[in-house]
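1. Provide a 3D model corresponding to the input given below.
(one chain, ligands or ions: 1)
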Amino acid sequence: MKVLVIGTGYVGLNTGVVLAYLGHDVTCLDVNSEKIEMLKQGKPPIYEPNLDTLLTLAYDHLHFTTDYDEADIPNTDVVFIAVGTPSLPDGGANLEYVAQAARSVGARLDGHFTVIVNKSTVPIGSGNWVTTLIRDAYQKSQGHRPHGNYFIASNPEFLRQGSALYDTFYPDRIVLGAEDPRAIDILTNLYRPLLNQDFTAPESLPRPEGFTAVPLVTCDLASAEMIKYAANSFLALKISYINEIAHLAEKVGADITQIARGIGLDSRIGPRFLNAGIGWGGSCFGKDTAALISTACEYNLEMPIIEAARNVNYQLREEFVMKAQQELKILKGKTVTLLGLAFKPNTDDLRDAPAIDIAKMLLLRGAKVHAHDPVAIANMKRQYPELAIDYFEDANEAVQDSDAVLLVTEWPLYKKLDWKTILKDGKVKLLDGRNFF
Ligand code: UGA
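-> This next block holds a predicted model:
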């Protein structure tokens, strides 16, 4: 099938590359010409494990452009809108980029039947709003109302950064929401190889043993949109729940790792997303919980459970710095090393990363901050030039002469440091923000 993916962020690029690997003819469009130039040269503009290999494997089925006219929209079967929806100051989602994409597509639609898919995480009800934008743009360009030659669908994304390709090839489920069965049919055909798991798995991402068919959930637009928010909010509150239990466990001298194992083995609870520590960050949980609360507010509804999950989460960062202060007594003039900056391992993404708040608080209290991260230092320097942090390419060097080492992101390489020597004389305090050691 002929596919256009608008937006080459984590969601758009991974989706485009996987669909191209499955044999579809995919154009990836982004308004950022630097990104498109890199992609044309076969280089991923973001760090994501295996993306470079997959890009090479799928390259013959991929095209990259910044130009909507070049994207051949009139002959495209499926258009994915996968642009960013950053938070507005009031917690709502900024839909400016979605609107731009929708208008650009609408103005170029023709007689061919096209399914336009909202892959960006958009507030509940956005499917209808996008339909209106497309219809108006179509009417403006063609001079008449469209005759049912396009449909809007919602196909929320559940991939995690750091394992985005694995999650796209081997998802727990695929959710398709649309008001018209034709849209669902086209998307079901598009995803057939994933649903049936009958494609040849890439060598770098073998199919997990016993992984056969993928469940398909089909529903109306609003339900599909809500599934995404409800899923992310649930995961966020699962983590905040275990962190709240961890607080009490620490007081009574119980071991949160054992508690998580003990409750996670109950199949109704499940073992995943019960790692206690300094909590969640990233581009999704903070943004989506805020957006859900903001949508509820439009209906005069409160979401006290989700609000509480957010409060618990963001307090964890302060508490971590307080713990360092307790250990060192005085932070002023002390050298504190942050191991890890990215919001989680296997990504260079710093959005809502706990490391940023922690570094700011430490600097404010007069500490000298050292930091290491295997891939996120360049982003940190670029995005936070005002933070007077000493960066180290080598983790061993970063911890030298430290009074405290704060494990912020659980990159596996930190397990390999010579901890015996580092902690030998008890002068260096180690605070494990991820229950990693
Ligand atoms: C999350 C969801 O997991 C994806 O299903 C969803 O598609 C994505 O958001 C999105 O909406 O785009 P992501 O933010 O990439 O994915 O990363 P996660 O692996 O979910 O981790 C989020 C944060 O939770 C990280 O800061 C991680 O360190 C933290 N976390 C995760 C914990 O503190 N404890 C856990 O047990 C698990």
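
2. give me the element residue 305 is part of.
-> helix 304-328 (DSSP states H and E).

3. ranges for the strands of this protein?
-> Here the chain has its strands, by DSSP state E, at 2-6, 25-29, 62-65, 78-81, 114-118, 150-154, 174-178, 216-219, 335-339, 368-372, 389-392, 404-407, 429-432.

4. list the pairing partners of the fifth one within its sheet, with orientation.
-> Meaning strand 114-118. strand 78-81 (parallel), strand 150-154 (parallel) (DSSP bridges).

5. what segments of the stretch 1-150 of the chain are helices?
-> Under the criterion DSSP state H, counting those that start in this stretch, the stretch 1-150 of the chain carries helices at the ranges 10-21, 33-40, 51-58, 96-106, 126-142.

6. which of those helices sits most buried?
-> The highest mean neighbour count among those, using mean count of other C-beta atoms under 10 Å, belongs to helix 10-21: a mean of 26. In short, each C-beta sits where N, CA and C put it, glycine included.

7. so residue 220 makes contact with residue 175?
-> No. Residue 220 is beyond contact range of residue 175, at 11.3 Å (criterion: C-beta atoms under 8 Å).

8. near the ligand, which residues of the protein show up?
-> Applying C-beta under 6 Å from any ligand atom, one finds that the chain approaches the ligand through 121, 157-161, 232, 235, 239, 273-275, 277, 279-282, 284-285, 343-344.

9. what subset of the residues you listed is buried?
-> Neighbour-count burial within the residues of the chain next to the ligand applies to 121, 157-161, 232, 235, 239, 273-275, 277, 279-282, 284-285, 343-344; the criterion is 16 or more other C-beta atoms under 10 Å.

10. quick revisit: and the strands of the chain as JSON lines, adding mean neighbour count and mean pLDDT?
-> Output for the strands of the chain, formatted as JSON lines (neighbours: other C-beta atoms under 10 Å; pLDDT from 0 to 100):
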{"stretch": "strand 2-6", "mean neighbour count": "24", "mean pLDDT": "98"}
{"stretch": "strand 25-29", "mean neighbour count": "24", "mean pLDDT": "98"}
{"stretch": "strand 62-65", "mean neighbour count": "19", "mean pLDDT": "98"}
{"stretch": "strand 78-81", "mean neighbour count": "27", "mean pLDDT": "98"}
{"stretch": "strand 114-118", "mean neighbour count": "27", "mean pLDDT": "95"}
{"stretch": "strand 150-154", "mean neighbour count": "25", "mean pLDDT": "94"}
{"stretch": "strand 174-178", "mean neighbour count": "23", "mean pLDDT": "97"}
{"stretch": "strand 216-219", "mean neighbour count": "16", "mean pLDDT": "98"}
{"stretch": "strand 335-339", "mean neighbour count": "26", "mean pLDDT": "98"}
{"stretch": "strand 368-372", "mean neighbour count": "23", "mean pLDDT": "98"}
{"stretch": "strand 389-392", "mean neighbour count": "17", "mean pLDDT": "98"}
{"stretch": "strand 404-407", "mean neighbour count": "25", "mean pLDDT": "98"}
{"stretch": "strand 429-432", "mean neighbour count": "17", "mean pLDDT": "97"}
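
11. before we move on, the earlier item: between the helices of the stretch 1-150 of the chain, which gets the lowest average pLDDT?
-> Comparing mean pLDDT across the helices of the stretch 1-150 of the chain, the weakest is helix 126-142, with a mean of 91.

12. export it to CSV, keeping only CA atoms.
-> C-alpha atoms of helix 126-142 as CSV (Å, rounded to 0.1, in the frame of the first residue of the first chain):
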residue,chain,number,x,y,z
SER,A,126,-9.8,15.4,18.0
GLY,A,127,-10.8,12.9,15.3
ASN,A,128,-13.9,14.9,14.6
TRP,A,129,-12.0,18.1,14.7
VAL,A,130,-9.4,16.8,12.2
THR,A,131,-12.3,15.7,10.0
THR,A,132,-13.6,19.3,9.9
LEU,A,133,-10.2,20.8,9.2
ILE,A,134,-9.6,18.4,6.3
ARG,A,135,-13.1,18.9,4.9
ASP,A,136,-12.7,22.7,5.0
ALA,A,137,-9.2,22.6,3.4
TYR,A,138,-10.5,20.2,0.7
GLN,A,139,-13.5,22.4,0.0
LYS,A,140,-11.2,25.5,-0.3
SER,A,141,-8.9,23.8,-2.8
GLN,A,142,-11.5,21.9,-4.8
